[in-house]
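**Student:** Need coordinates for the below:
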Amino acid sequence: MSDTSDDPGLRRIRWRCRRGMRELDQLFERWLDREWAVASDAQRGVFLRLLDCEDDRLWRWFMGYDTAADAELDALVRQMRELPPG
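**Tutor:** Just a heads-up that it's a prediction; the model follows:
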């Protein structure tokens, strides 16, 4: 996990990544740790929009039962699913 002690904004985002479902928590935190620092402002905006989605929708998208109607959200979900664990 990256050190966010000096960035209150990133700490707030990390807190928003806590969904109460371990699988979703891991997917969000993995992307935040690996991709946030190198992501464009547009990519960060899509990630923040994804955090605004309801957990039941997120679960269906990440499990592949459904796809997001928003192409940017769907692309990010697919990218997050492909990130290797660890």
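**Student:** ok, and the closest non-adjacent residue to the residue most central in space within the chain?
**Tutor:** The residue lying closest to the centre of the chain (CA atoms, centre = their mean) is residue 28, at 3.5 Å. Spatial nearest neighbour of residue 28, chain neighbours left out: residue 17 (3.7 Å); criterion: CB to CB, 6 or more residues apart in numbering. In this view, the C-beta of every residue, glycine as well, is placed from N, C-alpha and C.
**Student:** just residue 23 next, same as before
**Tutor:** Leaving out its chain neighbours, residue 23 is closest to residue 62 (CB to CB, 6+ apart), at 7.3 Å.
**Student:** was I right about the residue nearest to the centre of the chain contacting residue 21?
**Tutor:** No: using CB atoms under 8 Å as the test, residue 28 is too far from residue 21 to be in contact (10.1 Å).
**Student:** where in this structure is pLDDT low?
**Tutor:** 1-6 (pLDDT under 70).
**Student:** top helix in it by residue count?
**Tutor:** With secondary structure taken from DSSP state H, the chain has its longest helix at helix 22-35.
**Student:** Using CSV, write down the CA coordinates of it.
**Tutor:** The C-alpha coordinates for helix 22-35 follow below in CSV (Å, rounded to 0.1, in the frame of the first residue of the first chain):
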residue,chain,number,x,y,z
ARG,A,22,-13.5,-7.5,0.6
GLU,A,23,-13.5,-8.2,-3.1
LEU,A,24,-14.6,-4.7,-4.0
ASP,A,25,-12.2,-3.2,-1.5
GLN,A,26,-9.3,-5.1,-3.0
LEU,A,27,-10.2,-4.1,-6.6
PHE,A,28,-10.5,-0.4,-5.7
GLU,A,29,-7.4,-0.3,-3.5
ARG,A,30,-5.3,-2.2,-6.0
TRP,A,31,-6.2,0.3,-8.8
LEU,A,32,-5.6,3.2,-6.4
ASP,A,33,-2.2,1.9,-5.4
ARG,A,34,-1.0,1.0,-8.8
GLU,A,35,-2.7,3.4,-11.2
